[in-house]
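**Q** need coordinates for the below:
(one chain, ligands or ions: 1)
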Amino acid sequence: MSELIQLGASRPKAPKPEDLKLQFSDTAVAELEALLTHYPDSKSGILPGLWIAQREYGGYLSPEAIAETAFRLGRSYAEVEGVATFYSMYNTAHKVGKHMIEVCTCLTCQVCGAYPVAEYLKKKLGVDFGGTTEDGMFTLHEVECLNACDRAPLIQVGDQYYGPVNEKSLDELLEKLAKQDESTVIQMADSIVQVHLASFEKPGGQPATKPKPAAPAPPAAPTSTRIRVEETS
Ligand code: FES
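**A** Numbering: from 1, shown residues only. Below is the predicted model of the structure:
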């Protein structure tokens, strides 16, 4: 019981409604409105709404991000926070770096060398699992099976898989990511938003359901719509 109380106490508090500063861009608002035309009620829009929020708030679903999502969907903060904290792909625990490196340590990857890979990354980045480098560039996470065991040991960065990885391929990847302008955490959130939007398109490009007249047009085509696997060695 005391642990539960502690866990509850560690959750950041919701901002007061009068303190809420809306940060969604016009594009984000248009995307959310377009998505909501395809659902029977706004509750169904919580998952894609949170992906929009994760992108708009720099990869982290802060209490403010959750509160804005709840406000825009007309749902309660508790309801939206409950969804956000249930799924591990939403970043609710802490701010994350520009790139999140997720190391699979499940059975196949473990047998193929996931722990030496993890130790190498921890030493090289100077952080443990859950940590972010001081320059805010990388966050390191441990994850369960990523369902590409034939590429073990495997890591995920944004919407891409890399494997089998070794020290040399990791060095090259970290160097490439450090030079990259765009955050792979934000790219990933955007990819998922675009998948939701694209899922409503029929092969001919027509919306599956007629949107409300006032709904803005969907944004440009996605840069990426699915997880890709890169062989790195
Ligand atoms: S065990 Fe790592 S991808 Fe399956």
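
**Q** sec struct for Thr139, please.
**A** Following DSSP: H, G, I helix; E, B strand; the rest coil, we place Thr139 in the strand state.

**Q** which residues touch it?
**A** Applying C-beta atoms under 8 Å, 6 or more residues apart in numbering to Thr139 gives the contacts 96-97, 99-101, 127, 130-133, 185. C-beta: built from backbone N, CA, C; applies to glycine.

**Q** any chance of these in a markdown table, plus pLDDT?
**A** Listed next are the contacts of Thr139 as a markdown table, based on pLDDT from 0 to 100:
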| residue | pLDDT |
| --- | --- |
| Val96 | 96 |
| Gly97 | 97 |
| His99 | 98 |
| Met100 | 97 |
| Ile101 | 98 |
| Val127 | 98 |
| Gly130 | 95 |
| Gly131 | 96 |
| Thr132 | 97 |
| Thr133 | 97 |
| Val185 | 97 |
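
**Q** any of those residues buried? List them.
**A** The neighbour count (16 or more other C-beta atoms under 10 Å) marks 96-97, 99-101, 127, 131-133, 185 as buried among the contacts of Thr139.

**Q** sitting in strands, which of the residues you listed do you find?
**A** 99-101 (DSSP state E).

**Q** quick check: mean pLDDT of the helix or strand where Glu172 lies?
**A** Glu172 is part of helix 167-179, with elements assigned from DSSP states H and E. Confidence for helix 167-179, expressed as mean pLDDT, is 98.

**Q** in that helix, which residues are buried?
**A** 169-170, 173-174, 177.

**Q** now for that helix, which elements pack on it?
**A** In terms of contacts (3 or more C-beta pairs under 8 Å, 6 or more residues apart in numbering; DSSP states H and E), helix 167-179 is packed against helix 114-125, strand 155-157.

**Q** so in that sheet, which strands flank the last one, and in what orientation?
**A** Taking DSSP bridges as the criterion, strand 155-157 sits next to strand 99-104 (antiparallel), strand 160-162 (antiparallel) in its sheet.
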